[in-house]
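> Show me the folded form of this:
(2 chains)
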Protein chains: 2
Amino acid sequence: MKTKQHRTEGSRYYPKRYDFDPATRDAILDEGLLCHVGFQREGQPIVIPTGYCRVDNTLYLHGSVGSHFFMEMAKGRPVCISVTLLDGLVLARSVFNHSMNYRSVVAFGETRLVESEEERWMAAERFTEHVIPGRWADARKPSASDMKKTMFIAVDIQDASVKLRAHCVADDPEDMQLEVWAGVLPLSLKAQTPETDESGITGIPVPDYLTDYQR
Amino acid sequence: MKTKQHRTEGSRYYPKRYDFDPATRDAILDEGLLCHVGFQREGQPIVIPTGYCRVDNTLYLHGSVGSHFFMEMAKGRPVCISVTLLDGLVLARSVFNHSMNYRSVVAFGETRLVESEEERWMAAERFTEHVIPGRWADARKPSASDMKKTMFIAVDIQDASVKLRAHCVADDPEDMQLEVWAGVLPLSLKAQTPETDESGITGIPVPDYLTDYQR
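Below you'll find the model as predicted:
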């Protein structure tokens, strides 16, 4: 297994942080909006943030055909794609036991340029629906010219490591009587009020899929 | 410049997305809580999420001396460290012009094991204060034994690319009269109500630095 080198400690009080249930992996990948794609170029590791979507065991990326990053991806490169969701700050009584609650997937595979028109259209729709469910039916669909300018990259996941921490404070027993506030500060990505672009037709109501938006 | 290979398009309507002001770079690094560290191991790119802090031109990571990831970092490896802040979803009238507002730093350097006790203590304090300003003075400071179990890694930034998108919708002129809602859905990482750990001394009030917490 290629993923073992970043195995780390379990907690003293809780089970190890790895989760081998494929449903956990998929739930994390489906909640995230951004991934970080790592690859090597001329001996230099490079990590690029970009959007993605998951379809079964495959991650799709897309971008401009003129982008150097996507031109590199089109060549078929070994990559590592990480998706991390930050759920909270864990404040122990001692600095040493501070931690974060998070869920992460570190996925390995090789990039593949998507060439079939059918798979490209499927990826375009799934990508849009991954980010904003309901949007595909609402917005103008890509034209042939839009699609020509867009490159789709697929990464079939060969191996993935799913790691999470989702529990409360774990202090040393001798610290339990310290007069220090301890607990968890939950964090989450929240949508604010939608900001309407007034430069076109006005009076179009904000769609329900935005007013209710949450990951 | 090593960073040029991931240069991408500017918008048709707005300037290119690169920002060369060092203050912008530092503001992004100081706001982020997680970074993604990319390195190569036996031909395999690996991207690991972890906490960090910035001190001048240096990024610090820390972790358990028993962690395989940190043992690898201690060897002095070329790395790419990316920090990405997601600020919003940009909903154009056409699917093709959808985008995200974000701010990102892609930094390059080599890892260095921090050996001096002075630098290790400085990094421990700055790390804590980066995540939760005010916490260092409040929690139990690391003991000699805590410090022995902790490895600090420094990466002096040799080169960095700062990229952002922070503007409204940019539709094709011929789409402006479509009856499709367009605009920006702002997103931000929000703190929820702190969850007190009741297993030690009770009645300790939630500290001000948590009730007012924001990035």
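
> CA atoms for contacts and neighbours, from now on please.
OK.

> Just list the residues touching the residue of chain A positioned farthest from its centre, thanks.
Ranked by distance from the centre of chain A (C-alpha atoms, centre = their mean), the top residue is A:Gln177, with 39.2 Å. Contact analysis of A:Gln177 by C-alpha atoms under 8 Å, 6 or more residues apart in numbering or on different chains lists B:Gly200, B:Ile201.

> next one: phi and psi at it?
phi -100, psi 10 (degrees, to the nearest 10).

> just A:Arg25 next, same as before
According to degrees, to the nearest 10, A:Arg25 has phi -60, psi -50.

> ok, it - contacts?
So A:Arg25 contacts A:Val105, A:Val162 (C-alpha under 8 Å, 6+ apart).

> Please report how far it lies from B:Glu42.
Note on A:Arg25: its distance to B:Glu42, by C-alpha to C-alpha, to the nearest Å, is 25 Å.

> And the pLDDT for A:Val47?
pLDDT for A:Val47: 98.

> How about it: which residues does it bridge to?
A:Val47 has these beta-bridge partners by DSSP bridges: A:Gly38.

> count of neighbours near it?
A:Val47 is flanked by 32 other residues according to other C-alpha atoms under 10 Å in any protein chain shown.

> What are the boundaries of the strands in chain A?
For chain A, strands defined by DSSP state E occupy the ranges A:34-41, A:44-51, A:53-55, A:58-64, A:78-91, A:99-113, A:150-156, A:159-165, A:183-191, A:195-196.

> can you pull the contacts of A:His167?
A:Asn101.

> Phi and psi next, for it.
With angles defined as degrees, to the nearest 10, A:His167 sits at phi -140, psi -180.

> how much space between it and chain B?
Distance, A:His167 to chain B, using C-alpha to the nearest C-alpha, to the nearest Å: 11 Å.

> any idea how far B:Ile153 is from that residue?
In terms of C-alpha to C-alpha, A:His167 sits 27 Å off from B:Ile153.

> what does A:Cys168 give?
Taking C-alpha to C-alpha, one finds A:Cys168 at 27 Å from B:Ile153.

> Among those two, which residue is more densely surrounded?
Neighbours per residue, other C-alpha under 10 Å: of A:Cys168 and B:Ile153, the larger number sits with B:Ile153, 26 against 21.

> Would you agree that one is in contact with B:Ala74?
Yes. The pair B:Ile153 and B:Ala74 qualifies as a contact (C-alpha atoms under 8 Å) at a distance of 6.7 Å.

> shared neighbours of these two, which are they?
The contact lists of B:Ile153 and B:Ala74 share B:Thr111, B:Arg112, B:Leu113, where a contact means C-alpha under 8 Å, 6+ apart.

> The last one: how many residues sit nearby?
Meaning B:Leu113. As a burial measure, B:Leu113 scores 20 neighbours (other C-alpha under 10 Å).

> in the sheet, who's paired with it?
Under DSSP bridges, the beta-bridge partners of B:Leu113 are B:Ile153.

> In the longest helix along chain A, which residues are buried?
Criterion DSSP state H: the longest helix present in chain A is helix A:117-131. Within helix A:117-131, the residues that count as buried by 16 or more other C-alpha atoms under 10 Å in any protein chain shown are A:Arg120, A:Ala123, A:Ala124, A:Glu125, A:Arg126, A:Phe127, A:Thr128, A:His130, A:Val131.

> Now A:Pro194: closest residue in space that isn't a chain neighbour?
B:Leu185 (4.5 Å; C-alpha to C-alpha, 6 or more residues apart in numbering or on different chains).

> again, but for A:Arg126
A:Cys53 (6.8 Å).

> Correct me if wrong: the one you found contacts A:Val83.
No. With contacts counted by C-alpha under 8 Å, A:Cys53 stays clear of A:Val83, the gap being 10.9 Å.

> just to revisit the earlier point, how about the residue nearest to A:Arg126, what does it touch?
Going by C-alpha under 8 Å, 6+ apart, A:Cys53 touches A:Leu29, A:Asp30, A:Leu59, A:Tyr60, A:Leu61, A:Ala123, A:Arg126, A:Phe127, A:His130.

> wait, which of these is closest to B:Ser199?
A:Leu29 (33.9 Å; C-alpha to C-alpha).

> Can you verify my assumption that that closest one contacts A:Arg54?
Yes. If you go by C-alpha under 8 Å, A:Leu29 and A:Arg54 touch, sitting 6.7 Å apart.
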